[in-house]
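Student: have a look; sequence and predicted model below, questions after that.
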Amino acid sequence: MSSTMDLVELCSGLQVNPLPPPKERSPDVAHAPNRNHNLSSSERLQAIKNALRYFPKVCHNELAPEFAKELDEFGHIYMYRFMPDTSLMRAYPISEYKTNIVEGAAIILMIMNNLDRRVAQFPEELVTYGGNGQVFSNWAQFRITLHYLSTMTNEQTLSMMSGHPAGLFPSHKRSPRVVITNGMMIPNYSSKDMYDKLFAMGCTMYGQMTAGSYCYIGPQGIVHGTTITVMNAGRKYLGPNNMAGKVYVTAGLGGMSGAQGKAIVIAGCIGVVAEVSREALDKRHAQGWIQKVVDSVEECIEVVKKAREEKAVLSIGFYGNVVSLWEGFAEYTERTGENLVELASDQTSLHNPFNGGYYPVQLSYEESNVMMNQDPPKFKSLVQESLRRHVKAVNFLCGRGMNFWDYGNAFLLEASRAGADVTKPDGSFIYPTYVQLTIGNVFSLGFGPFRWVCASGKEEDLLKTDQLAAEVIRKQLEETPSPEEEGNLRDNLTWVEKAMENKMVVGSQARILYSNQAGRSRMAAAFNKAVASGEISAPVILSRDHHDVSGTDSPYRETSNITDGSMWCADMAVQNVIGDALRGATYVSIHNGGGVGWGEVMNGGFGMVLDGSDEAGEAAVSMLHWDVSNGVCRRAWAGHPLAQHAISHTQATVPGYNITTCNVADEDMLRNL
């Protein structure tokens, strides 16, 4: 059997004459939990009718009953018959894709990486991470999209609407080649119930952040963010250089949360990560990102005690429910008076609490997967009861010296909705979000998760980009940065210098580091020059996490430290995508939902191909200036002093800026009104 995929056949479009034979789901990969579509009889028929639109009428009699069966069994029509062999799905070298333009090949490469079994959480349901972060809604969309990308010219733009490839439209060379929208809703209808209904009907989908925008790079992205968060939390709560022998407890090893074990080791502490899925835990253990697996609370406590005594650096995977773990730690502390845990958070997918994002302690993993489909009201009740128990144990331990923060996964939001004790009298939460704790200041300085992919697939090209990025950071350190900027620069210089040693790559040859506007634009220029000279053998594809300085409006996460009242507004994210499109991005995306859930956030991103041309270099610098400064400007207008310093420096050093100044009113004067 071939170990590679026939990419010409894959990009040839939707096979309908003859239809491919029916296909069963693979037992070798994890699958998304079955959903309860809860459609009326007329809505159910509309869902089947919607799915059939992709096929000539001659195919309908054969496909209709098959699609009806999928809808009733899985809660969604995935069209498994048209699924390629996902064991061969990966980011192939860009030269192997036969397309009319390099941009089309680059985007196909990114899509295939998102569905790589090593990368994707539920590859056969087209879910990259987060339990429901879709790349497409069904496999027909995947095949049609790849065909459009392989045949498009540089004077066409592909319109993607919640996974649906609407078609190629005439445009011009400086236009984006793809414009993506995911989950856009009329505001009054952006509810969880409407999402469930419309996803089942094939009308919309949840693109998470980088799933539906084709720029996920595996768990490396959140390794870096989690490492920075844990290290800065340690500095804040425990003092500088005091992580040795300290314990951080959290949950989740499935999609993005799978990075936590690796981050724990890089941060230099002891970490325990609870996971209810044996498949997910074994996957991270096999990768080496979890070093030791324990199967009981008692064993976990003994391993933690020994590691504390030895001041070991150790990542521990606990196979079981995190509530059982927290209750075990609480019982131990109450019995002995000894608190074993200094730092704590949670990375379960609580943006999706009742469809597999959070498993209640009262049920096994398998029992939960059955009940969430067969008895949703009962399952919801158990999830909320579990959250109340979860919070009770955490609150007890925090009263004994532990420090907890919300990792932006809607933990505090869903716990409050469950009636757990997580709010103050004024309605605010008793624990900070990680943005309020550490990352908010990083964003205000203009630093955020900048990413790139070496399209050749060669490790030596990635190593070259690491070296170029390090040179840029060293140059920035010579330019007398502020103390806050210097700390971020030094952390990221250490990160990129040790990136190869830490074996971050899963899937495509990609890298992430936190960089500001000056750093990103200089790195892009250096990469593009190296592609032009042949030092890097193929194009480099730039992107970033939507969780960034400018990319996301989210009152419970990215903009939770915006205090002028505009934390509930989404102008920044929408403006950002429009501005990136106008300045030469290869593709852009805007999503409803991501991280904290449907209706709770608006976020967007971009992809940009650096092919070594002068045009690409100029566009990258222009676009990256805007992509960062838009968010710094918004944070400065909200009165954040670090952002005001950063945008003033940009305005003084980069031609063309003329930013409206925020004049902060005197608090004493206001109190007299």
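Tutor: Nice, I can see it. Numbers count the residues shown, from 1 in each chain.
Student: buried ones in the helix or strand hosting Q467?
Tutor: Assessed by DSSP states H and E, Q467 sits inside helix 459-477. Judged by neighbour count (16 or more other Cβ atoms under 10 Å), helix 459-477 contains these buried residues: 461-462, 464-466, 468-470, 472-473, 476. C-beta: built from backbone N, CA, C; applies to glycine.
Student: which of those residues lies closest to R118?
Tutor: Nearest to R118 among these: L462, at 16.4 Å, using Cβ to Cβ.
Student: can you pull the contacts of the closest residue in space to L146 that isn't next to it in sequence?
Tutor: Nearest residue to L146 in three dimensions, chain neighbours excluded: C11, at 4.6 Å (Cβ to Cβ, 6 or more residues apart in numbering). By Cβ atoms under 8 Å, 6 or more residues apart in numbering, the contact set of C11 is 97-99, 108, 146-147, 149-150.
Student: could you save those residues as TSV and add columns showing neighbour count, distance to L238 and secondary structure?
Tutor: Converted to TSV, the contacts of C11 look like this (neighbours: other Cβ atoms under 10 Å; distance: Cβ to Cβ, whole Å; DSSP: H, G, I helix; E, B strand; the rest coil):
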residue	neighbour count	distance to L238	secondary structure
Y97	23	49	coil
K98	11	55	coil
T99	19	52	coil
I108	23	46	helix
L146	25	50	helix
H147	16	55	helix
L149	27	49	helix
S150	21	53	helix
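Student: for G604, state which of these is nearest.
Tutor: L149 (20.1 Å).
Student: give the contact list for that closest one.
Tutor: Counting by Cβ under 8 Å, 6+ apart, L149 makes contact with 11, 99, 104-105, 107-108, 158, 178.
Student: return the subset of these lying in strands.
Tutor: Among the contacts of L149, the residues falling in strands (DSSP state E) are 158, 178.
Student: a markdown table please, covering the contacts of L149 and showing distance to V272.
Tutor: A markdown table is the format used below for those (distance: Cβ to Cβ, whole Å):
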| residue | distance to V272 |
| --- | --- |
| C11 | 45 |
| T99 | 46 |
| G104 | 45 |
| A105 | 43 |
| I107 | 39 |
| I108 | 40 |
| L158 | 45 |
| V178 | 41 |
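Student: that older thread, how close does the residue nearest to L146 sit to R522?
Tutor: 35 Å (Cβ to Cβ, to the nearest Å).
Student: and for M152?
Tutor: M152 is 31 Å from R522, by Cβ to Cβ.
Student: try M371
Tutor: 53 Å.
Student: these two: which is more packed in?
Tutor: R522 (20 against 17; other Cβ atoms under 10 Å).
Student: out of everything not next to it in sequence, what's closest to that one?
Tutor: R522 sits nearest to V472 (Cβ to Cβ, 6+ apart), 4.7 Å away.
Student: that neighbour against R520, yeah?
Tutor: No - shown here, V472 and R520 do not form a contact pair, counting by Cβ atoms under 8 Å, at 9.0 Å.
Student: just the pLDDT for the residue nearest to R522.
Tutor: On the pLDDT scale, V472 is placed at 98.
Student: tell me which residues touch it, please.
Tutor: With Cβ under 8 Å, 6+ apart, V472 has these contacts: 519, 522-523, 526.
Student: helix/strand/coil for the nearest residue to T438 once chain neighbours are set aside?
Tutor: Leaving aside its chain neighbours, T438 sits nearest to N232 (3.9 Å; criterion: Cβ to Cβ, 6+ apart). Here N232 is helix, with the state taken from DSSP: H, G, I helix; E, B strand; the rest coil.
Student: tally of neighbours for N232?
Tutor: Residues lying near N232 (other Cβ under 10 Å) number 19.
Student: try the one 5 residues further on
Tutor: Residue crowding around Y237 was assessed by other Cβ under 10 Å; the count is 16.
Student: what about it, distance to Y514?
Tutor: For Y237, the distance to Y514 - Cβ to Cβ - is 21 Å.
Student: and M231, by the same measure?
Tutor: M231 is 12 Å from Y514, by Cβ to Cβ.
Student: overlap in contacts of these two?
Tutor: With Cβ under 8 Å, 6+ apart, M231 and Y514 have common neighbours D491.
Student: between those two, which is the more surrounded one?
Tutor: Taking other Cβ under 10 Å, M231 and Y514 do not tie; Y514 has more neighbours (24 against 18).
Student: chain neighbours aside, what residue packs nearest to that one?
Tutor: F447 (4.6 Å).
Student: wait, the one you found sits on V549?
Tutor: Yes - if you go by Cβ under 8 Å, F447 and V549 touch, sitting 7.4 Å apart.
Student: now the strands for the stretch 251-400 of the chain?
Tutor: 270-275, 292-294, 314-319, 343-344 (DSSP state E, counting those that start in this stretch).
Student: deepest of those strands, which one?
Tutor: Ranked by mean neighbour count, those are led by strand 270-275 with a mean of 28 (mean count of other Cβ atoms under 10 Å).
Student: partner strands of the biggest strand by length in the chain and their direction?
Tutor: If you go by DSSP E, the chain has its longest strand at strand 602-610. If you go by DSSP bridges, strand 602-610 pairs up with strand 540-544 (antiparallel), strand 552-553 (antiparallel), strand 587-592 (antiparallel).
Student: any chance of these in JSON lines with mean neighbour count and mean pLDDT as columns?
Tutor: Below are those laid out as JSON lines (neighbours: other Cβ atoms under 10 Å; pLDDT from 0 to 100):
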{"stretch": "strand 540-544", "mean neighbour count": "28", "mean pLDDT": "97"}
{"stretch": "strand 552-553", "mean neighbour count": "28", "mean pLDDT": "96"}
{"stretch": "strand 587-592", "mean neighbour count": "27", "mean pLDDT": "97"}
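Student: which one of those lies closest to Y332?
Tutor: Between the strands paired with strand 602-610, strand 552-553 lies closest to Y332; by Cβ to Cβ that is 38.5 Å.
Student: which SSE is immediately downstream of that closest one?
Tutor: helix 571-582.
Student: list the helices and strands that following helix packs on?
Tutor: Helices and strands touching helix 571-582, by 3 or more Cβ pairs under 8 Å, 6 or more residues apart in numbering; DSSP states H and E, are strand 552-553, strand 587-592, strand 602-610, helix 614-637.
Student: can you give me the angle the last one makes with strand 540-544?
Tutor: Which is helix 614-637. The directions of helix 614-637 and strand 540-544 differ by 10 degrees, with axes from the mean of the first three to the mean of the last three Cα atoms, to 10 degrees as the criterion.
Student: who's in contact with A620?
Tutor: So A620 contacts 521, 524-525, 528, 542, 584, 608, 610 (Cβ under 8 Å, 6+ apart).
Student: run a quick neighbour tally on V323.
Tutor: 25.
Student: next one: it, what pLDDT does it get?
Tutor: 98.
Student: same question, the one 5 residues further on
Tutor: Confidence per residue is given as pLDDT, and for G328 that number is 98.
Student: quick one: the residue nearest to it when sequence neighbours are not counted from R177, how far?
Tutor: Leaving aside its sequence neighbours, G328 sits nearest to V297 (Cβ to Cβ, 6+ apart; 3.5 Å). Taking Cβ to Cβ as the criterion, V297 is separated from R177 by 52 Å.
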